[in-house]
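Novice: need a structure here:
(one chain, ligands or ions: 1)
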Amino acid sequence: MTVGVGLIGAGVISAQYLANLTTFPDLEVRFVADIDLERAAARAEEFGVPASGTVEQLLADDGIGIVVNLTLPSVHAEVDLQILAAGKHVWSEKPIATSAADARRVLDAAEAAGLRVAVAPDTVLGAGLQTAFRAIADGRIGAPQTATTMVLNPGPDRWHPAPEFLFQAGGGPLLDLGPYYLSTLVTVFGSVARVSAVGGIARPQRVVESGPRAGTTFDVTVPTHSALLLEFAGGGSAQATFSFQSALPRAGFFEITGTEGAIVLPDPNMFDGASQLWTQRSWRGVTGQDQPEPETIEAAGPDDGRGLGVLELARAVAAGVPERASGALAAHVLDVMLAAARSAETGTTVEVASRILTPAPLPADWDPTERTLP
Ligand SMILES: NC(=O)c1ccc[n+]([C@@H]2O[C@H](COP(=O)([O-])OP(=O)(O)OC[C@H]3O[C@@H](n4cnc5c(N)ncnc54)[C@H](O)[C@@H]3O)[C@@H](O)[C@H]2O)c1
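Specialist: Residues are numbered from 1 along each chain as shown. Reported below is the predicted structural model:
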């Protein structure tokens, strides 16, 4: 039986979700809700979803089994708790919450009700990163030792029509972009044990640059640059830089070095992209007679985009197995991000207490376009 899906939050990202969710045969999108009823109705019409309205109306639909929460970070936990109270599984956009206590409340409520909470990013389930994870699991770089990663750009005030939330509590490049990079790191290295970080705010005010509110000034209240050093509980370390204040954009810079080689991963904010594999023997020194090219590993598997995690959740519930983009993993990533924020504020290294089990790679033939549910 197909799983009924409802979507709360008909903003910018809902278009990408609906474009994909409405094509998966295992799912049936039944309802779009928003506090802005006109926006919900317009999105429903655009993607042929039969109903739209309030959150309460959505939650009263007995045909909906999973609710996709695409509201703002400041209300993710509150909306998740409403969804769980209505007896439905949750897929939430990232971050899971803006405090560890709120994340705990959501996970405890789900456990008490026998329901699931799965959380973005689902880019980690895309063909690009899954292919890289399989190469690492196959031992292509030996044992992972270190990682270097960064994402830098001028900031989403350049393009988002309502960017304030990305520069205030619950936002900043750390909480907005960190989940993509940190979820990828913990999938490869396991739990983070300790974090040191520095951060800063280049400009205390910004201006909305696109959309009907262009020209509106707003305050920046969280760091727009965060640089982290991470130590993993099982060994290994990483450095990660997240910035909304660089005129020089760098997207998806992500390298992992192991005992036998190094791998350049595709952009963790994307679902596709090849990886490049280097072996220790590739390099012959700076005098460098003919440097060999790295081996390109083309992405294999689904690259359908946002919504893959909702489908994986639906199939995991049906199979009675854990979902990969789990709430526990998201809560650990939140712990790491909050530890980094505290480290930058206090000038100390901060311990991270939570631990996760790393999800196994998806089978290479996992197919979103197949009907798998009876
Ligand atoms: N915009 C992107 O490119 C992007 C990409 C990936 C993830 N995300 C994440 O998706 C989420 C939404 O981002 P967005 O850019 O679509 O934001 P947005 O501001 O465009 O849309 C948010 C929508 O949620 C609605 N909303 C807010 N509170 C609500 C509530 N309590 N009940 C019902 N509706 C409510 C708003 O009315 C609005 O329509 C965020 O968590 C963001 O981090 C955004």
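Novice: now for the closest residue to residue 189 other than its chain neighbours, how many residues are close by?
Specialist: If the residues on either side of it in the chain are set aside, residue 189 comes closest to residue 232, at 4.3 Å by C-beta to C-beta, 6 or more residues apart in numbering. C-beta: built from backbone N, CA, C; applies to glycine. Neighbour count for residue 232, taken as other C-beta atoms under 10 Å: 21.
Novice: so how far is residue 363 from residue 232?
Specialist: 26 Å (C-beta to C-beta, to the nearest Å).
Novice: isn't the residue nearest to residue 189 up against residue 188?
Specialist: No: using C-beta atoms under 8 Å, residue 232 is not in contact with residue 188, being 9.2 Å away.
Novice: assign a three-state SS to the most centrally placed residue in the chain, would you?
Specialist: With the centre of the chain defined as its mean C-alpha position, the nearest residue by C-alpha atoms, centre = their mean is residue 121, 2.1 Å away. Recorded secondary structure, residue 121: coil (DSSP: H, G, I helix; E, B strand; the rest coil).
Novice: which residues touch it?
Specialist: With contacts defined as C-beta atoms under 8 Å, 6 or more residues apart in numbering, residue 121 is in contact with 94, 179, 180, 183, 268, 269, 309, 325.
Novice: contacting residues around the closest residue to the ligand within the stretch 101-250 of the chain?
Specialist: The minimum distance from the stretch 101-250 of the chain to the ligand, using C-beta to the nearest ligand atom, falls at residue 162 (4.6 Å). Residues counted as contacts of residue 162 (C-beta under 8 Å, 6+ apart) are 11, 208, 211, 213.
Novice: do the same with residue 50
Specialist: Counting by C-beta under 8 Å, 6+ apart, residue 50 makes contact with 30, 31, 44.
Novice: distance of it from residue 57?
Specialist: For residue 50 relative to residue 57 (C-beta to C-beta), the value is 12 Å.
Novice: what residues are shared contacts of the two?
Specialist: Listed as contacting both residue 50 and residue 57 by C-beta under 8 Å, 6+ apart are residue 31.
Novice: what number of residues are in the vicinity of residue 210?
Specialist: Other residues near residue 210 come to 13 when the count uses other C-beta under 10 Å.
Novice: correct me if wrong: it contacts residue 158.
Specialist: Yes: if you go by C-beta under 8 Å, residue 210 and residue 158 touch, sitting 7.1 Å apart.
Novice: so which elements touch the one helix or strand residue 254 maps to?
Specialist: For residue 254, the host element (DSSP states H and E) is strand 250-258. When contacts are defined as 3 or more C-beta pairs under 8 Å, 6 or more residues apart in numbering; DSSP states H and E, strand 250-258 packs onto strand 144-152, helix 172-189, strand 261-264.
Novice: those into TSV, with extra columns for mean neighbour count?
Specialist: Putting the helices and strands packed on strand 250-258 into TSV (neighbours: other C-beta atoms under 10 Å) gives the following:
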stretch	mean neighbour count
strand 144-152	20
helix 172-189	26
strand 261-264	22
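Novice: make a markdown table from these and add mean pLDDT to it.
Specialist: Shown next, in a markdown table, are those (pLDDT from 0 to 100):
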| stretch | mean pLDDT |
| --- | --- |
| strand 144-152 | 98 |
| helix 172-189 | 98 |
| strand 261-264 | 96 |
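Novice: columns distance to residue 15 on top of those, output as JSON lines?
Specialist: Converted to JSON lines, these look like this (distance: least, C-beta to C-beta, whole Å):
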{"stretch": "strand 144-152", "distance to residue 15": "22"}
{"stretch": "helix 172-189", "distance to residue 15": "18"}
{"stretch": "strand 261-264", "distance to residue 15": "30"}
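Novice: take those and write them to CSV, including distance to the ligand.
Specialist: Converted to CSV, those look like this (distance: least, C-beta to the nearest ligand atom, whole Å):
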stretch, distance to the ligand
strand 144-152, 13
helix 172-189, 6
strand 261-264, 23
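Novice: since that was my last question, I'll sign off now.
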